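Visitor: compute the structure for the input listed below.
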Amino acid sequence: VGFVEMRKNQAPAMDSDRWVRRTTGPDYRDRHVEFGFRRALIRPEDRVLMVDDWADTGMTARAARELVADCGATWIGAACIVDGLTDPRLRHDLPVRGLLDVRQL
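Guide: The predicted structure is shown next:
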């Protein structure tokens with residue numbers, strides 16, 4: 001199992017590594033955020049699970065899924081600590097699994 005850090009609004013790096021980037025739709029604060037990671041860290045044969053602390057609009061997971069597809073790898077879903085998804089269809093579409101539902105807090 002490997003680890004790839006997906007960065008938010010990353011400034012140009014000092015290294016020469018190629019990055020893949022995607023901009024989200026509006027998040028919970030109506031912002032459009034750019035996410036990315038070093039392209040060489042994801043290979044076409046990889047299976048990717050995104051892990052996050054909180055899922056609200058699903059925009060981060062959507063951007064991650066698109067980045068994984070850009071690399072030719074397989075998206076298997078997203079796991080989060082708190083599931084606060086505002087659109088319940090996303091749990092199936094992305095798919096997303098959470099440890100806690102926001103209503104339990």
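Visitor: ok, D17 touching R38?
Guide: Yes: with contacts counted by C-beta atoms under 8 Å, D17 reaches R38, the gap being 4.6 Å. In this view, the C-beta of every residue, glycine as well, is placed from N, C-alpha and C.
Visitor: which of the two has more residues huddled nearby?
Guide: A count of neighbours by other C-beta atoms under 10 Å puts R38 above the other of D17 and R38, at 16 against 11.
Visitor: let me know whether that one touches R18 as I believe.
Guide: Yes: at 7.3 Å, R38 counts as touching R18 under the criterion of C-beta under 8 Å.
Visitor: what's the separation between F37 and T60?
Guide: F37 sits 13 Å away from T60, going by C-beta to C-beta, to the nearest Å.
Visitor: nearest residue to R39 other than its sequence neighbours?
Guide: Leaving aside its chain neighbours, R39 sits nearest to R18 (4.4 Å; criterion: C-beta to C-beta, 6 or more residues apart in numbering).
Visitor: show the pLDDT at the one you found.
Guide: At R18, the pLDDT value in this model is 89.
Visitor: which residues touch it?
Guide: Residues in contact with R18 (C-beta atoms under 8 Å, 6 or more residues apart in numbering) are R38, R39, A40.
Visitor: what sits against the first one?
Guide: Applying C-beta under 8 Å, 6+ apart, we find R38 in contact with V4, D17, R18, W19.
Visitor: what do you get for G98?
Guide: By C-beta under 8 Å, 6+ apart, the residues touching G98 are A55, A79, C80, I81, V82, D83.
Visitor: CSV for those residues, including distance to R91?
Guide: Formatted as CSV, these follow (distance: C-beta to C-beta, whole Å):
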residue, distance to R91
A55, 9
A79, 12
C80, 11
I81, 15
V82, 13
D83, 7
